[in-house]
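Peer 1: next come a sequence and a model predicted from it.
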Amino acid sequence: MEISKNKSEFQFSKPILKEAIFTVNSKYESILANVGVQNFQITAKQTNVQLADGYRTANVLVTVANRESVGLDDNTPYILRVSMAANFRLDSNSSEEEFKSLLKVNAPALVMSYIRPFVTQLTEQTDLETQYLPFLDFTRTGEK
């Protein structure tokens, strides 16, 4: 496959780390605890959506966190929150609906691919279980 002939019109900038909080709870009793990825919350927000210079552009911020607050309690092995953002663009010949769909599904999936190894590297350096974030189906965002 030739990259120049198959390059997607949907492009993004280098993802930038916006926030990284990681604190291990020294009072947590269980060593090698399985925190479980089901306890993580993932949010994706689009900002600065605009049409300019022949492109539809937007910034997408994805945050992965194991708690809403950064406070520790006896049942919390650690606090982890990582946020990364990237700018996305698509040729203005595309529809607004197509761009919105790409921002809702593809953009967060792409940014998550940068967050995933970061979370693994942070947690594998502790005496708690290493966290491997799964691939997510962003087409089902908002479903219960």
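Peer 2: Cool, got the structure. Numbering: from 1, shown residues only.
Peer 1: use CA for all of it now, contacts and neighbours both
Peer 2: OK.
Peer 1: distance-wise, check residue 128 relative to residue 63.
Peer 2: 22 Å (CA to CA, to the nearest Å).
Peer 1: shaky segments in this structure?
Peer 2: Low-confidence segments of the chain, defined by pLDDT under 70: 29-38, 141-144.
Peer 1: the helices in it, which residues?
Peer 2: Across the chain, reading from the start of the chain, the helices by DSSP state H fall at 3-6, 96-104, 106-124.
Peer 1: scan this structure for its longest strand.
Peer 2: Once the chain is assigned using DSSP state E, the strand that runs over the most residues is strand 78-91.
Peer 1: can you list the strands that it pairs with?
Peer 2: For strand 78-91, the paired strands and their directions (DSSP bridges) read strand 11-12 (antiparallel), strand 16-24 (antiparallel), strand 55-65 (antiparallel).
Peer 1: and among those, the most buried is which?
Peer 2: strand 55-65 (a mean of 22; mean count of other CA atoms under 10 Å).
Peer 1: now the angle from it to helix 96-104?
Peer 2: In this structure, strand 55-65 runs at an angle of 30 degrees to helix 96-104, with axes from the mean of the first three to the mean of the last three CA atoms, to 10 degrees as the basis.
Peer 1: residues making contact with strand 55-65?
Peer 2: Contacts of strand 55-65 with the rest of the structure, by CA atoms under 8 Å, 6 or more residues apart in numbering, involve 40-51, 79-92, 99, 103, 107-108, 111-112, 115.
Peer 1: excluding its backbone neighbours, what's nearest residue 133?
Peer 2: For residue 133, the nearest residue in space outside its immediate sequence neighbours is residue 116; the separation is 5.7 Å by CA to CA, 6 or more residues apart in numbering.
Peer 1: that neighbour against residue 132, yeah?
Peer 2: Yes: the criterion here is CA atoms under 8 Å, and residue 116 meets it with residue 132 at 7.1 Å.
Peer 1: distance of the closest residue to residue 14 other than its chain neighbours relative to residue 17?
Peer 2: Using CA to CA, 6+ apart and skipping residues adjacent in sequence, the residue nearest residue 14 is residue 86, 6.2 Å away. Here residue 86 is placed at a distance of 9 Å from residue 17 (CA to CA).
Peer 1: with that, I have no additional questions.
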